[in-house]
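Based on what follows, work out the 3D shape:
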Amino acid sequence: MAGQEWQRFRVGTPSRGRGFNPDCCPLVTVAHVAHVDTAASIIRDRAIRAGLVFDKSKLRTRRVLVSWFSPNHWHHGYRYGNVGFEIDWRKLIKNRDAYWVESIAYGVEACRILLTSVDRSSRLTRYDPAVGDGPWWYDEEADEHYWNGECCLEIMVEGEIPLKDVSAIHFQKHHARQCNIDAATCADRDVGARQGGARFLAILCGNELKLDDRLTTSEDETSPEDAAPEPHADVEAAALRLLRDLKPANGKFSGDLRHGSATAKAVARAAFAAYGRRNLSESSQLVALFEEDTEFNRVATRLLRDVLGWKPRGPDDW
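From the prediction side, this is the model:
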């Protein structure tokens, strides 16, 4: 019986103190994590595209297209890539039914639940989180959702997710050895959050792919209503890493380009694009065409701000 399978991962008891119990964590947001190039395609398409399931899942023989989300945080790095697209849990489950799919025995056992607006009851068993006997529990009385943090909770959402439903973008470290695509050939293995984020931003800048500032800023309830929103910390860190990386290899600027030049933006954009392709030699040569670093930085930060939707917070703001 399918119910017996999910009962092994039952959510525990909510903490009575300030923290939370590992087996009873608040379920507020989940994230879809992707490799840099795939993440840039998500921005281009304005949607997280759904795909077929190819692993050992029972859905692999069905033409059910899903996108993947999880609340898990992996301290040693994510095998899914460097870029996380975060979405509000309540928004994700709205107008969707839940079905138990399976548990998969990885290092940490994975529990899979399908969210869909399609009736899948002929193949799968409906999952009712209000019962409280599985890895996702909805406490109706408190109107709170919880999940068992001691297992890997994988949420399979049937259909694509429009980018407008994503609430934030953040960056993660790619796992050093594991990769959900191909660990033997993946060039992003062991790439840190800032480095991966920098390449993602470079691709966006090089291809004029713009983000809504709600994805790259953090709400601060203490700030005045008319204040510019604060940049999300790891997005800002990745942007600064990108500006530092985009310097001539020998540190010398040998050109005469200035920020007001008619070709300055085109050259800076080409440097971003080369960095995004991992061609650091070419990006370095292009940046060296500027007269000095301050001239390049003025153009580069303008392009970055345009892509990220950020407004300067002060006269000395980068």
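
Would you mind writing the CA trace of the helix or strand containing Ala271 as CSV?
Per DSSP states H and E, Ala271 falls inside helix 264-276. Output of helix 264-276 as CSV, limited to C-alpha atoms (Å, rounded to 0.1, in the frame of the first residue of the first chain):
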residue,chain,number,x,y,z
ALA,A,264,31.8,51.4,-25.0
LYS,A,265,28.6,49.5,-24.3
ALA,A,266,29.1,47.2,-27.2
VAL,A,267,32.7,46.3,-26.1
ALA,A,268,31.7,45.8,-22.5
ARG,A,269,28.7,43.7,-23.5
ALA,A,270,31.0,41.5,-25.7
ALA,A,271,33.4,41.1,-22.7
PHE,A,272,30.4,39.9,-20.6
ALA,A,273,29.4,37.4,-23.3
ALA,A,274,33.0,36.1,-23.6
TYR,A,275,33.2,35.6,-19.8
GLY,A,276,29.8,33.8,-20.0
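
what's the spacing between stretch 68-85 and its chain's center?
Computed by Cα atoms, centre = their mean, to the nearest Å, the separation of stretch 68-85 from the middle of its chain amounts to 8 Å.

and what of stretch 255-272?
The answer for stretch 255-272 is 30 Å, by Cα atoms, centre = their mean.

can you give me the mean pLDDT across that stretch?
Mean pLDDT, computed over stretch 255-272, is 96.

Could you do stretch 171-179 as well?
96.

List of residues touching it?
33, 35, 74, 76-79, 81-84, 183, 186, 188-194, 196-197, 200, 234-235, 238 (Cβ atoms under 8 Å, 6 or more residues apart in numbering). All C-beta spots, glycine's among them, are computed from the backbone N, C-alpha and C.

Out of those, which sit inside strands?
Among the contacts of stretch 171-179, the ones falling in strands (DSSP state E) are 33, 83-84.

from those residues, which is closest to Pro26?
Gly84 (17.9 Å; Cβ to Cβ).

List the contacts of the closest one.
Contacts of Gly84 were listed using Cβ under 8 Å, 6+ apart, and they are 31-33, 78, 169-172.

Please, where are all the strands along the stretch 51-200 of the chain?
Secondary structure of the stretch 51-200 of the chain (DSSP state E, counting those that start in this stretch): strands at 66-69, 83-88, 97-104, 110-116, 125-126, 136-139, 144-147, 152-158, 161-162, 168-171.

any idea of the mean pLDDT in stretch 101-121?
91.

So for it, first residue to last residue, what's the gap.
Using Cα to Cα, to the nearest Å, one end of stretch 101-121 lies 11 Å from the other.

Return the set of buried residues in it.
Of the residues in stretch 101-121, 101-103, 110-116, 120 count as buried by neighbour count, 16 or more other Cβ atoms under 10 Å.

what sits up against stretch 117-133?
Outside stretch 117-133, the residues touching it (Cβ under 8 Å, 6+ apart) are 2-3, 6-7, 10-11, 62, 64, 95-101, 113-114, 134, 136-140, 145, 158-159.

Centre of the chain to stretch 197-207, how far?
14 Å.

Quick check, central residue of the chain?
Gly84 (1.1 Å; Cα atoms, centre = their mean).

Please name the nearest non-neighbouring residue to that one.
Using Cβ to Cβ, 6 or more residues apart in numbering and skipping residues adjacent in sequence, the residue nearest Gly84 is Ala31, 4.2 Å away.

Please give the element, helix or strand, for Leu242.
helix 233-245.

between that helix and helix 264-276, how many degrees?
100 degrees (axes from the mean of the first three to the mean of the last three Cα atoms, to 10 degrees).

residues of helix 233-245 that come out buried?
234-239, 241-243, 245.

Since that was my last question, I'll sign off now.
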